[in-house]
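Peer 1: turn this into a model:
(one chain, ligands or ions: 1)
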Amino acid sequence: MHCIKKITDDIFWVGVNDRRLAMFEGVYSVPRGVSYNSYLVKDEKTVLFDTVDKSSLLRFIENLEEALGGRKLDYLVTQHIEPDHSASMRELIYRYPEMEIVCNNKSLALIKQFNDFDADSRAYVVKEGDVLNTGKRSFTFIMAPMVHWPEVMVSYETTGKILFSADAFGCFGALNGALFADEVDFNRDYMDEARRYYTNIVGKYGGQVKALLDKTSGVQIDMALPLHGFVWRKNFRDILSKYLLWSCYEPEENGVMIAYASVYGNTENAAEILSCKLREKNIKTVMFDVSVTAPSDIVSEAFKWSHFVFASTTYNAGIFVTMETLLHDFAAHNIQNRTIALIENGSWAPVSGNLMREALSKCKNLNILEKTVSIKSGVKAKQLNDIDAMADALAESLQVQNAGASVKKPDESAVDPLAMFKIPYGLFVLTAKDDRDNGCIINTALQITAVPIRISVTVSKANHTRDMIMKTGTFNISVLTESAPFSVIERFGFASGKDTDKFAGCAYNDRTANGLRYIPDNTNCVISAKVIESYDYETHTIFTADVTEARALSDEPSLTYDYYFRHVKPKPQKVGEKKKGYVCRVCAYFYEGEELPADFICPLCKHGADDFDKTG
Ligand code: FEO
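Peer 2: Residues are numbered from 1 along each chain as shown. Prediction:
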C-alpha cells in the first residue's frame, strides 16, 4: 500500500524509509535508518525529482502511481546519480516511455555508465541557469559539483521559493511518520545525525559546499527539500547556520575532543587525567576510545569541537591501528583550523607522537602543540606535570584565564541597562489570529530590507500573540500615533490574551487581506507580514517576515517610546503617597499591592521584579 505525504497542494513526497540498511554506502552505520526522498510535482506537466534505492523500488512505485493519480510522468529530474537516488530510474523508463530525463552533461555520462538503456534519446540536457517551465511553476537549475558527486545540481522553484537541494541539508535517520523538520525537535534529536551525514558525505568538499551556499544566498528559500531526511519549511536558519560553519571548517563549540587508542588502559588513563584537569578549568571535553567508536562518528564530532587531543600507544613501531585509521580519515575529510595536542605511549620505544604529527601534517591550518606528552607504559609523577602543562597550554589556547577560572564573561558592571533605553523605539499593536483574534503591545519593529521588502518584530515569549504567530506564521502591525490614548496601551499591553478577549467592546472590526484585525484609530499605518524565520533569544522571539500588504492610514506622527513616557503614560505613584506598591524603575509602571511576586514581569516594558522599587 502506498504511503505518501503532501508538502503543498501540488508537491508530494513519494520516497521511502529504510531501517534495514546496516551501513550507508557500506561504511557509515545508520542505526536509526535513512530515508530516500523523491518528490513529485503535479503541475500542468508532472515532474519527479530523483528516485530511490533499488531495495525500495516496489513501495516507491506504489507511492508514485498513487501520487500521479493516473497521469503520466513527463519529466524525471536527476539531480544526483548516486544509485540510492537513481537506481529506480530504469523501472520508470518502462512505465513511462515518453518521460524525459532532465540532466546535465555530467549526469548524462554517469547515467550511461550505470545503465544500459538508451539515455541520449530521452535526455533533456540543462546547464547552469537553465529554466524548466511546467505551467504554474518554473525550475532554475544550479550546478553544485562535489556536493556530493561531480554531476550534482539543485533546482530552485521560483514561484514557491522552494529549493530541491539534492544532498545538501540532508540527514541520516528514517522519518518515522514526520516529514518536516519542525515536526520533531531537530536541534535536540537530529542535529548530530545531520552533522554526521554532512561530514561523512561532503566534509571533504567544504569549498564546494560554500560555493553552493554563495550561489543560493541571493534567493529567498521558503522550503528546502533534500534527498535524505526532513523537509525544511521553518527555521531553515538552524541548518543553514551549521552549513556555513561546517563548510568553512569552523568549530561550533569551544572545547576539547579527546580520542585515544589504548591496549591495556594506560594511554586511556593519561587521557582521563587530562580530561579531568581540563574540566577543572571549566573546559568542555568529550572522549572517544577509537577502538570502540567508529572513525566516521569521531570525524563528525571533530567538526563540532575547536581542540583535539590524540593519545595513542605505539604498536609495531607505528601508530596503533585504529588511531592510524582515524587520522587517515581526518586528512581525507580535510579537517582544518584546529589546535591539537598529542600523547604517546610505548613500553620500549614510544614513537607514535611523531608519527601522529606526521599523519596530521596532511591537514591544513592545524596548530599542533610543540610538546608531546610521552609515557613509558604508565603515567608517573613526571608525566603528571607534563599533562598539567598540556592542560594549561590548551586552556590558554581556549582563552581560559587561570586554572579554575571560567571562560571570560562580559563585565556586568560595565553594562547600564538604562543606557539601552536611549535607543529610540516606537510603540506598535501586534495582532495575530488562530481560533480567535489577539494583540499585544511591542516596541521593536523595523524594516530590514527594501528589496524584497521585509521587516522584523521582537516579541516577549510571555505574550500569547507570540505563540499564535509561531503557530500561524502571519501577523499585522498597527503603528500607534501620538494621539493614542493610554487606554489603547492598557487594552493591549496590560492583560494576557490567554484569558482576555482584547478586542471585547471595540467599536471597529477592520481586517487586512490576510484576515487579521488591525487598529484603525490612533494609528498611521498597518503592515501585514508572513513569517520567514523565527529566532529564539531566551526571553524573546524575533520574527523576520515578508511584507504582504502595507497601508498608510493617516499623516499623524508615530508614537515613540520617549513621547509615550513624557505625554501619554500617567505619572507614576510617588513615594510617600497613600497607595502601596512597586514602581518599575525602567518604565514607571505601577503595581499596587503589598508584595510583588518574584516572577512578576512588567506588562509594559517586560522587565522583571528586580527592576521594581517599593513605594508608599
Ligand atoms: Fe544519498 Fe550522495 O547521496
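Peer 1: switch to C-alpha atoms for all contacts and neighbour counts from now on
Peer 2: Will do.
Peer 1: ok, and what's touching the top helix by length along the chain?
Peer 2: Secondary structure of the chain per DSSP state H: the longest helix is helix 381-397. The contact list for helix 381-397, computed with CA atoms under 8 Å, 6 or more residues apart in numbering, reads 270, 273-274, 277-278, 281, 283, 307, 339, 341, 369, 371, 373-375, 401-403.
Peer 1: buried set for that helix?
Peer 2: Neighbour-count burial for helix 381-397 flags Q383, D386, I387, D388, M390, A391, D392, A393, L394, A395 (criterion: 16 or more other CA atoms under 10 Å).
Peer 1: grab the most central residue of this structure for me.
Peer 2: Nearest to the mean C-alpha position of the chain, counting by CA atoms, centre = their mean, stands D238 at 1.1 Å.
Peer 1: mind checking pLDDT for that residue?
Peer 2: The model reports D238 with a pLDDT of 89.
Peer 1: same question, the one 3 residues further on
Peer 2: Turning to S241, the model gives it a pLDDT of 89.
Peer 1: same question for W149.
Peer 2: 96.
Peer 1: okay, it and D120: tell me how far apart.
Peer 2: 21 Å (CA to CA, to the nearest Å).
Peer 1: more crowded one of these two?
Peer 2: A direct count of neighbours by other CA atoms under 10 Å for W149 and D120 places W149 higher, at 18 against 14.
Peer 1: and that one, which of the three is it?
Peer 2: Secondary structure state of W149, per DSSP: H, G, I helix; E, B strand; the rest coil, is coil.
Peer 1: go on, the one 5 residues further on?
Peer 2: Of the three states, V154 takes strand under three-state DSSP.
Peer 1: then D297?
Peer 2: Put simply, D297 is helix when judged by three-state DSSP.
Peer 1: what are the phi and psi angles of the closest residue to it other than its chain neighbours?
Peer 2: Leaving aside its sequence neighbours, D297 sits nearest to R196 (CA to CA, 6 or more residues apart in numbering; 6.6 Å). With angles defined as degrees, to the nearest 10, R196 sits at phi -60, psi -40.
Peer 1: do the one 5 residues further on as well
Peer 2: Listed backbone geometry of I201 is phi -90, psi -50, with angles given as degrees, to the nearest 10.
Peer 1: next one: it from S377, what distance?
Peer 2: Per CA to CA, I201 is found 38 Å from S377.
Peer 1: what's the helix or strand hosting N63 in contact with?
Peer 2: Assigned by DSSP states H and E, N63 belongs to helix 57-68. Helix 57-68 is contacted from outside by 1-4, 12, 14-16, 40, 42, 46, 51-52, 88, using CA under 8 Å, 6+ apart.
Peer 1: return the helix or strand in this protein with minimum mean pLDDT.
Peer 2: Scoring the helices and strands of the chain by mean pLDDT, DSSP states H and E places helix 417-420 at the bottom, with a mean of 72.
Peer 1: the helix or strand that comes right after it pairs with which strands, parallel or anti?
Peer 2: Later in the chain than helix 417-420, the nearest helix or strand by DSSP H and E is strand 428-433. Next to strand 428-433 in the sheet, as set by DSSP bridges, lie strand 437-442 (antiparallel), strand 474-480 (antiparallel).
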